[in-house]
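Enquirer: the following comprises the amino acid sequence and a computationally predicted model.
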There are 2 protein chains.
Amino acid sequence: MSRVEQVRALTFDVFGTVVDWYGSIVAEGAALSRATGTAVDWPAFALAWRAGYQPAMQRVRTGEVGWTKLDDLHRQILDGLLVQFGITGLDEATVAHLNRVWHRLLPWPDSIGGLGRLRGRFIVAALSNGNMALLVNMARRAGLPWDCILSAELMRRYKPDPAVYTGAAELLGLAPEQVMMVAAHPLDLLAAAEVGMRTAYVPRPLEYGPSGATETTSFAADLIATDLHELADRLLGV
Amino acid sequence: MSRVEQVRALTFDVFGTVVDWYGSIVAEGAALSRATGTAVDWPAFALAWRAGYQPAMQRVRTGEVGWTKLDDLHRQILDGLLVQFGITGLDEATVAHLNRVWHRLLPWPDSIGGLGRLRGRFIVAALSNGNMALLVNMARRAGLPWDCILSAELMRRYKPDPAVYTGAAELLGLAPEQVMMVAAHPLDLLAAAEVGMRTAYVPRPLEYGPSGATETTSFAADLIATDLHELADRLLGV
């Protein structure tokens, strides 16, 4: 039996793998600039917001701060960026709305179609560091056809903590080897593989924008696919 | 503002409210009898299985036993019923399959259509004592269009423990008064109301079979509807 044959469920990283956070934030930022007359380097802003993500989660991982959901980490980072980028004059409702841009991220062009095809054979679940409300709102708005939404919030641990992956398999009623983690990020896949899950690497060269670097790795995933349609082709044997 | 106007999400009890456990178990049991030649009073069997549900959860609630997911409680009850009903000669695979009939329960005729209409306006979530895997498998098989699946398993407490209801609202990023519990069971609604949630009572006169009694109550729900289409009519103002 091949390593992939026993897979019953696919768990997907979301930010960067299924949705385009960079493009979505730049587009909403540009609209905000037009509406308010505030000039901002939104590509730099988007990259800086995302760059604050790992250090913020790290403070939770180390126990420096207690469990904090991603919406609140995003807001802490955003408050610093507004100062750093000299953005003033936004009222609280506008800042709160901007913070929820992460609830409104748009899928890559292949995401909805690919997930829909994969769902015919496999349980298709989100497994993201985004909090549940963020992921629910995103799925409704973008039309992401999840069978279920699993969040690091359920385990109160952030990926790549192994408890997130083992907890997801347990909630799905499956052994780790029956679950395949799909991600654009080698560290996410490495952590999944370490608890026995199968892995599919879907590089997203545009994740950090047109001039951004793709994450590279020497980690050997069970499958590599250029997008979710190719992943469906591979897993459905088309 | 009416008590219902601020509702953003509907959380649904599942067993009896959205799916017909009695009819589904009787139908699968009859098929099993035909296949194995074993005569069983399946209506009595279905009622006895469900009757074991509250006492089994009560042992978890009181701490007499640690957290046990519903699949495992169902199996403990089933093992007793096989003896009680004199059902012998089933191999382990057949018993395990029978236990998972709860993953294969069929919806009431109005459930899929009603949920689909309600989903246009509200977040539509399961909130069941069924474990996540059970609810995911059921939703895939029956085509239940949940935005997300929430289970008592996430809180490791069984309804009507208030932590299940407050935990669900928190995961949805909403205040309790922005969430409406929908159930055929007054005690479920009463517990939801006690933490501030809104309530819709959908009596299901056939839940316990053609000759079964409907649960009755003096509890005043915010809405009463005969099925999920009428609930959609009321909430969507049609």
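Expert: Everything's here; your move.
Enquirer: which helices and strands does the helix or strand bottoming out on mean pLDDT in chain A pack with?
Expert: When each helix and strand of chain A is scored by mean pLDDT, DSSP states H and E, helix A:53-61 comes last, with a mean of 93. Using 3 or more C-beta pairs under 8 Å, 6 or more residues apart in numbering or on different chains; DSSP states H and E, the elements in contact with helix A:53-61 are helix A:70-84. From N, CA and C alone the C-beta is placed, and that goes for glycine too.
Enquirer: pull the residues that contact the following helix or strand past the helix it packs on.
Expert: Where DSSP states H and E defines the elements, the next helix or strand beyond helix A:70-84 is helix A:92-99. Defining contact as C-beta atoms under 8 Å, 6 or more residues apart in numbering or on different chains, one finds that helix A:92-99 is touched by A:28, A:32, A:36, A:71, A:74-75, A:78-79, A:82, A:90.
Enquirer: same check, this time on stretch A:179-189
Expert: A:4, A:7-13, A:16-17, A:122, A:127, A:159-160, A:165, A:168-169, A:172, A:192-193, A:197-204, A:207, A:215-217, A:219, A:221-223, A:228, A:231.
Enquirer: and the buried ones among those residues, selectable in PyMOL?
Expert: Of the contacts of stretch A:179-189, the buried ones can be selected in PyMOL as follows, counting by 16 or more other C-beta atoms under 10 Å in any protein chain shown:
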select buried, chain A and resi 7+9+10+11+12+13+16+17+122+127+159+160+165+168+169+172+192+193+197+198+199+200+201+202+203+204+207+215+221+222+223+228+231
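Enquirer: filter the contacts of stretch A:179-189 by proximity to chain B?
Expert: Among these, the ones lying near chain B by C-beta under 8 Å from any C-beta of the partner chain are residue A:172.
Enquirer: I'd like the distance from the helix or strand harbouring residue A:43 to the chain centre, please.
Expert: Secondary structure assignment for residue A:43, by DSSP H and E: helix A:42-51. Distance, stretch centre to chain centre, for helix A:42-51: 16 Å (C-alpha atoms, centre = their mean, to the nearest Å).
Enquirer: quick one, helices of chain A?
Expert: A:21-36, A:42-51, A:53-61, A:70-84, A:92-99, A:111-119, A:132-142, A:152-155, A:162-171, A:186-194, A:228-236 (DSSP state H).
Enquirer: for those, which one sits closest to residue B:103?
Expert: Smallest distance to residue B:103 across the helices of chain A (C-beta to C-beta): 14.2 Å, for helix A:162-171.
Enquirer: list the buried residues of the closest one.
Expert: So, applying 16+ other C-beta under 10 Å, buried residues of helix A:162-171: A:164-171.
Enquirer: give me phi/psi at residue A:6?
Expert: The phi and psi values for residue A:6, taken as degrees, to the nearest 10, are phi -90, psi 0.
Enquirer: against residue B:132, how distant is it?
Expert: As judged by C-beta to C-beta, to the nearest Å, residue A:6 and residue B:132 stand 20 Å apart.
Enquirer: okay, these two: which has more neighbours?
Expert: Taking neighbours as other C-beta atoms under 10 Å in any protein chain shown, residue A:6 and residue B:132 compare with residue B:132 leading, 26 against 14.
Enquirer: so who does that one touch?
Expert: By C-beta under 8 Å, 6+ apart, the contact list for residue B:132 reads A:148, A:171-173, B:149, B:151, B:153-154.
Enquirer: next: residue A:75.
Expert: Listed by C-beta under 8 Å, 6+ apart, the contact partners of residue A:75 are A:96, A:99.
Enquirer: chain B contacts on chain A?
Expert: So chain A meets chain B at A:71, A:123, A:125, A:131-137, A:139-140, A:146-149, A:153-154, A:171-174 (C-beta under 8 Å from any C-beta).
Enquirer: farthest-apart pair in the contacts of residue B:132, please.
Expert: A:173 and B:154 (14.0 Å).
Enquirer: could you dump the contacts of residue B:132 to a markdown table with distance to residue B:55 and pLDDT?
Expert: Shown next, in a markdown table, are the contacts of residue B:132 (distance: C-beta to C-beta, whole Å; pLDDT from 0 to 100):
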| residue | distance to residue B:55 | pLDDT |
| --- | --- | --- |
| A:148 | 29 | 98 |
| A:171 | 25 | 98 |
| A:172 | 28 | 98 |
| A:173 | 24 | 98 |
| B:149 | 26 | 98 |
| B:151 | 20 | 98 |
| B:153 | 19 | 98 |
| B:154 | 23 | 98 |
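Enquirer: out of these, which is nearest to residue B:65?
Expert: Using C-beta to C-beta, the contacts of residue B:132 come closest to residue B:65 at residue B:153, 15.0 Å.
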